Structure formats: structure tokens, C-alpha cells
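In: let me see the structure of the following:
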Amino acid sequence: MSGRSARSAILFAMTCAALLAAACSHEESSSGTQSVLVEETPLRKGSLPSVVTVFGMVQGSTASRQTLMAPTAAVVADIPVRVGESVGKDTPLIRLAPTPQTAASYAQARSALAVATQLAERTRQMLSQHLATRQQLAEAQKTQSDARTALAALEAQGAGGANTLRAPFRAVVTALSTVRGAVVSEGAPLLEIAGADDLVVHAGTVPSTASAIARGNRALVLSVDGKRSVQGHVVLRGAAVESATGLTPIDIAIPQGSLQPGEMAEARITTGLASGYLIPHEAVLVDDSGNPYVVQDVKGAAKKVSIRLLASEGDRDLIDGQLDAEASLVLAGNYQLEEGMKIRVEQRAQPPGAAQPVESAQPVGSAQRAASAQRSSGATSQSAGAQQGAAAR
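Out: Model prediction:
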């Protein structure tokens with residue numbers, strides 16, 4: 001046989017193999033609706049801790065917070081502390097000097113007391129000489145007492161000279177409301193302190209979520225950088241919404257020295273144990289409206305089921321919904337499925353937390369067609385080899 005005849009025989013064999021493969025493919029596509037190869041896992045019941053996450057700021061508890069105010073009109077002479085500084089009991093916090101008006105009021109009070117004292121003494125002498133009545137003496141003594149009281153009040157307010165305000169307990173300075181040299185009026189707030197041994201994370205959450213939180217619930221408190229974590233517990237769950245934030249206040253007590261006042265923190269509060277269906281996180285999808293759903297294999301067809309997320313932990317989610325407990329849950333390939341599409345199972349995965357062997361399955365029709373195509377391809381190759389040998393002879 002000539003070389004041209006040999007090449008024609010080889011080309012004919014390759015064409016036959018291509019036509020056979022196309023026929024097998026046509027057989028699969030025409031046998032029914034389109035199908036998707038997926039991985040599945042059995043659906044099973046389970047439970048996870050029910051956790052509410054809140055965010056807030058570390059500060060002193062309500063009982064330990066205190067605002068120091070100006071006892072009288074004064075000039076801020078010195079502020080030896082800074083915001084965030086930890087101070088011991090009796091540590092000087094702020095020094096005040098009297099204003100000119102306060103100094104004048106103090107001088108007038110001293111002068112009034114001196115005059116009232118002299119008047120009372122003179123009235124007593126005149127009474128002994130029968131030149132004054134007992135009523136006059138009583139009035140003079142009352143004037144003296146009033147003057148003494150007024151002077152003592154000014155001295156207590158620091159009007160008599162420099163006045164130093166000290167920390168009433170071991171605390172942390174949380175805020176400063178004035179500066180050195182400022183003239184402050186009586187009752188003006190100067191600085192705020194919080195007990196260093198009584199810190200809480202003051203947070204808030206919406207009322208519907210707050211209803212699940214109770215005093216004493218355990219909480220894991222984390223710094224915003226995620227590098228530090230401490231255990232705490234809920235000491236307050238408000239019964240009213242804060243008007244400024246619209247949230248229900250939550251206070252979580254934390255150990256001393258664990259976090260710094262003013263620092264932002266995240267708190268994960270364990271409110272109980274939730275039960276439902278425990279599934280891998282990859283099984284959860286979200287529709288165009290933002291609602292979560294899963295896909296189940298119901299008698300070889302895809303069925304989308306809307307769900308409600310109850311809790312999450314690592315790569316596991318706890319869900320609830322109108323699920324078929326007997327139907328498997330679709331994992332890999334679930335995003336390709338539409339309602340009612342046929343499913344081909346590639347692998348059956350282990351359910352979360354279960355120690356089960358991995359099962360694999362292959363559709364019988366596909367396996368038979370693959371074997372048939374392989375046998376046909378081998379026969380075609382043998383025919384081509386025979387034709388090549390004949391051509392060589």
C-alpha cells in the first residue's frame with residue numbers, strides 16, 4: 001500500500017474515534033435535563049453556644065466614677081496629672097488659687113468676724129454696767145456666730161489661699177475639663193476619675209438582642225487588635241434604652257489591669273446553648289435579597305431552602321428552617337444549582353464533628369458510557385495499527 005493510502009487510513013480511524021465520542025456525549029445530554037457534579041454531606045442535628053457580640057469602651061463602673069468640681073470660684077494654678085494616668089489615694093490632682101473676688105470675699109468675712117466679736121464683747125461689758133439689755137447681747141452674739149460661720153465656709157472652699165484637690169481613692173484620670181490658668185466658677189467640673197480596681201466594658205446593643213442577655217453571663221473580651229483577651233461577666237443589662245445611642249446599655253466587668261480605660265473592646269457574650277442543624281459554613285449561600293439559604297439533594301434534584309442562622313463557631317454554622325432531615329446537604333457546586341436541577345454526586349463529605357468514612361459515588365450511566373468509549377477507542381486503535389502494518393507490507 002502506498003504512503004498516501006496509509007495516511008488516509010490513519011485519518012479515517014481518527015475521524016471514527018471523534019464521531020464515537022461525540023455520539024456518547026450526545027447520548028448523555030439528550031438523556032434528560034442538565035446536571036451538576038457536586039459534593040454532599042448528611043444533615044444532622046447539633047448545638048452551639050449562643051453568642052451575642054457587642055462593642056464598647058473600657059471605663060470605670062458607674063459606682064467608681066467621680067467628677068471633681070471647683071468648690072468656689074478659683075484660678076487653676078496647676079494640673080500635675082494627665083488623662084490616662086493611674087494615681088494612688090491622696091495624690092494631688094489639681095491646685096486652685098482664689099480669684100481676686102474670692103480673696104476679697106474672704107477678707108471681708110474675716111473683717112466682719114472681727115467687728116462682730118468686738119461688738120459682742122462690748123455689749124457684754126455694757127450689760128454688766130446695766131447699760132445694755134440681754135436682748136442686745138443675744139443679737140450681738142448671733143451676729144458674731146453668723147460671721148464665724150461665713151468665714152469657715154469660705155475657708156473650707158479654699159478661699160483663704162491655695163487649695164489642692166486630691167484623689168479620694170486609687171483611680172485613673174479619665175477626663176480633664178479645664179486647663180492651667182483658667183478661671184472657673186463654683187461647681188464647674190474640673191476632671192473625672194474612675195476606680196482603677198473596678199473597670200467595665202460599657203457597650204450597647206439593640207433591645208431585641210439585649211433581651212437574651214442576663215446578669216452573670218460569661219463574656220470573652222478582646223482588644224480591637226485581637227492580641228489580648230480576658231474573661232469577664234455581665235454586671236449590668238439595662239432595662240431602658242439610652243436616648244443618646246438608642247441602644248440598651250451592657251456593662252461587662254473585667255479583671256484589673258487587663259485593658260486600659262478609654263480603650264475600645266469587643267465582647268462576645270455567651271447567653272446559652274442553641275440547638276438546630278449543624279452544617280459546614282461552605283453550605284450557606286446568600287440570595288440577591290441578602291437572605292441565607294442552603295441547597296438539599298431531594299431524590300436527585302436540587303431544592304433551595306431558606307434558613308435562619310442561629311450561631312457560628314469556626315467553620316461551622318447552626319441553622320434552622322424547613323429542612324428535609326432525610327435529604328443530604330450540597331456543599332461544593334451548590335452555587336451552580338437552580339431549583340429542580342439534576343444532581344450528580346462526586347463525593348459524600350463528613351458532617352461537622354462526625355467521624356465517618358468518606359463515601360464516593362459515580363452515576364452508573366456515566367461509568368458505562370465511559371467504559372464503552374474506552375473499549376471503542378481501543379478497538380479503533382487496533383484497527384488503525386492493522387491498517388498501518390498492511391500498508392508497510
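In: got the domain boundaries for the chain?
Out: The chain breaks down into these structural domains: 3-30+365-392, 35-44+276-361, 52-61+198-273, 69-193 (assignment by automatic domain parsing).
In: including mean pLDDT and mean neighbour count, could the ones you listed go into CSV?
Out: All C-beta spots, glycine's among them, are computed from the backbone N, C-alpha and C. As requested, the domains of the chain are exported to CSV (pLDDT from 0 to 100; neighbours: other C-beta atoms under 10 Å):
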stretch, mean pLDDT, mean neighbour count
domain 3-30+365-392, 47, 13
domain 35-44+276-361, 80, 16
domain 52-61+198-273, 90, 17
domain 69-193, 87, 16
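In: ranges for the helices of the stretch 1-150 of the chain?
Out: Under the criterion DSSP state H, counting those that start in this stretch, helices of the stretch 1-150 of the chain are mapped to 3-30, 100-128, 134-156.
In: quick check: angle from the second one to helix 134-156?
Out: Helix 100-128 and helix 134-156 are oriented at 160 degrees to each other (axes from the mean of the first three to the mean of the last three C-alpha atoms, to 10 degrees).
In: just checking, what packs against helix 100-128?
Out: Applying 3 or more C-beta pairs under 8 Å, 6 or more residues apart in numbering; DSSP states H and E, we find helix 100-128 packed against helix 134-156.
In: which other residues reach the helix it packs on?
Out: The contact list for helix 134-156, computed with C-beta atoms under 8 Å, 6 or more residues apart in numbering, reads 71-72, 102, 105-106, 109-110, 112-113, 115-117, 119-120, 122-124, 126-127, 160.
In: repeat that with 7 Å
Out: 105-106, 109-110, 112-113, 116-117, 119-120, 123-124, 127, 160 (C-beta atoms under 7 Å, 6 or more residues apart in numbering).
In: equivalent analysis for stretch 59-69, please.
Out: The contact list for stretch 59-69 (C-beta under 7 Å, 6+ apart) reads 93, 165, 174, 187-195, 198-200, 202, 251, 261.
In: go on, stretch 45-52?
Out: 205, 209, 212-213, 268-275, 277-278, 311, 313, 318, 353.
In: in the stretch 151-300 of the chain, which spans are helices?
Out: Counting by DSSP H, counting those that start in this stretch, the helices of the stretch 151-300 of the chain are 207-210.
In: quick one: the strands in it?
Out: 163-166, 171-176, 183-184, 189-195, 199-205, 218-223, 229-237, 248-253, 264-280, 285-286, 292-298 (DSSP state E, counting those that start in this stretch).
In: mind putting these into TSV with distance to Ala327?
Out: As requested, the strands of the stretch 151-300 of the chain are arranged in TSV below (distance: least, C-beta to C-beta, whole Å):
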stretch	distance to Ala327
strand 163-166	72
strand 171-176	57
strand 183-184	74
strand 189-195	56
strand 199-205	36
strand 218-223	36
strand 229-237	40
strand 248-253	40
strand 264-280	11
strand 285-286	16
strand 292-298	4
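In: I'd assumed Ser223 was in contact with Met264.
Out: No - contact between Met264 and Ser223 fails when scored by C-beta atoms under 7 Å: they sit 8.0 Å apart.
In: tell me the two of the contacts of helix 134-156 that are most distant?
Out: Greatest spatial distance among those (C-beta to C-beta): Leu127 and Gly160, at 33.4 Å.
In: Arg87: what's it in contact with?
Out: If you look again at residue 87, you'll see it is Val, not Arg. 81, 93, 167, 171, 173.
In: quickly note the distance from it to Glu186.
Out: Relative to Glu186, Val87 is positioned 24 Å away (criterion: C-beta to C-beta, to the nearest Å).
In: try Gly46
Out: 64 Å.
In: same question, Gln260
Out: For Gln260, the distance to Glu186 - C-beta to C-beta - is 33 Å.
In: again with Gln336
Out: For Gln336 relative to Glu186 (C-beta to C-beta), the value is 75 Å.
In: and Ala153, by the same measure?
Out: From Ala153 across to Glu186, the span is 12 Å (C-beta to C-beta).
In: got it, and Lys342?
Out: 84 Å.
In: just Ala70 next, same as before
Out: Separation of Ala70 from Glu186 (C-beta to C-beta) stands at 6 Å.
In: next: Gly232.
Out: If you go by C-beta to C-beta, the gap between Gly232 and Glu186 works out to 40 Å.
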